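Undergrad: quick check, what structure comes out for this input:
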Amino acid sequence: MVASSVEENVNPSKSRIGTEVMYKYCAFNHYALTNLINLELWCSHYEAFNDPFECWCIEKSGIPDPEKEWDRFDHVARMWGFTSGHNVSKEDLFNYCSEFIHPCSMKVGHYLESARISCFSRRPDNLLMWSHYADGFRGFCIEFDKDLLLKNSPKYAEVHEVFYSKLPPVIDTMVYEVARDQVWYHEMAIEETESSKKYIKDFKEDVFLPDYRKALLEAQDLLYVLYRSMLCQKPINWEYEEETRLILHTESDGKDGEPYLYSKDAIKAVIIGEKASNDNIDKINNILTLLGLDVPVKQAVRSKSKYEVLIQ
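TA: The predicted structure is shown next:
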């Protein structure tokens, strides 16, 4: 199975950009309120989540033998720049790929074990999210600006949309290594070509420059798909969550979670469930006052005529 087929059964989104607004559903408990006061998100190891198939993937590694793994051999050859695996010898591909068999080569387990994840939804009016994660309309939901959430934090993190499929992803570490090498090669080729313009009189544009740029984008896109498949692919049963993830990586051993600090400007609004107690509503207002935040406080209510959540 080639890496590009990872997304064949994906539903619904293939967007690389992610949403501009993210929603964090919370119950009124000590942890959620303390995190809000401290302006931090708790990022957990994947094993702390309730999906038994969280970060579940099939790993393939080693140099592919064309007689036993033709699809893998063909895909690696294509990533190397050949139009087909038939156009490269087994010996040449083996010699090229042997460069990547070393302790620093990609290991799926390292990416999974070092990741710490905080989960959001792309919608504030998700009935099941209010039921499952916000204590049956007794909790609250924080609206975040994605860009501001990532800005001015002492820790580097990325935001990715989760996508949903019928089958777990296949992660080919050799394809990953070849794609990474192609990114390096074509970045160098583009940089050298661009630099030549400054120093060579009557410089003529390299006819291969468009091909370098095209190959660079293809390799970068494949790296992104493989990375996202490891950490952001879930069984299709979970697609109702419409999830977005903030992911950071830690050097810490073990599986403990880590806090992610953010600027208060990242909070755009707080939405409170209609079943929340007056005492809990007061707690939210007091925290916002303490933080010096003048943001809308909205309410999620049940529609009188439909099975829908309305935000007032």
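Undergrad: what's the offset of the helix or strand bottoming out on mean pLDDT in the chain from the middle of its chain?
TA: Lowest on mean pLDDT, DSSP states H and E among the helices and strands of the chain sits helix 173-199, with a mean of 83. Helix 173-199 has its C-alpha centroid displaced from the chain centroid by 24 Å (CA atoms, centre = their mean, to the nearest Å).
Undergrad: summarise which helices and strands that helix is packed against.
TA: Other helices and strands packing on helix 173-199, by 3 or more CB pairs under 8 Å, 6 or more residues apart in numbering; DSSP states H and E, are strand 58-60, helix 70-80, helix 90-97, helix 209-231. All C-beta spots, glycine's among them, are computed from the backbone N, C-alpha and C.
Undergrad: make JSON lines out of these and add distance to W130.
TA: Shown next, in JSON lines, are those (distance: least, CB to CB, whole Å):
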{"stretch": "strand 58-60", "distance to W130": "35"}
{"stretch": "helix 70-80", "distance to W130": "43"}
{"stretch": "helix 90-97", "distance to W130": "50"}
{"stretch": "helix 209-231", "distance to W130": "26"}
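Undergrad: adding mean pLDDT, distance to M174 and mean neighbour count, write the ones you listed out as JSON lines.
TA: Formatted as JSON lines, those follow (pLDDT from 0 to 100; distance: least, CB to CB, whole Å; neighbours: other CB atoms under 10 Å):
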{"stretch": "strand 58-60", "mean pLDDT": "89", "distance to M174": "8", "mean neighbour count": "14"}
{"stretch": "helix 70-80", "mean pLDDT": "89", "distance to M174": "6", "mean neighbour count": "20"}
{"stretch": "helix 90-97", "mean pLDDT": "88", "distance to M174": "6", "mean neighbour count": "14"}
{"stretch": "helix 209-231", "mean pLDDT": "88", "distance to M174": "11", "mean neighbour count": "17"}
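Undergrad: ok, which of the ones you listed comes nearest K146?
TA: Set against K146 and scored by CB to CB, the helices and strands packed on helix 173-199 come closest in helix 209-231, at 16.0 Å.
Undergrad: what mean pLDDT does the very next helix or strand once past the closest one have?
TA: Downstream of helix 209-231, the first helix or strand assigned by DSSP states H and E is strand 233-235. What strand 233-235 shows for mean pLDDT is 96.
Undergrad: strand 233-235 pairs with which strands?
TA: Using DSSP bridges, the strands paired with strand 233-235 are strand 163-165 (parallel).
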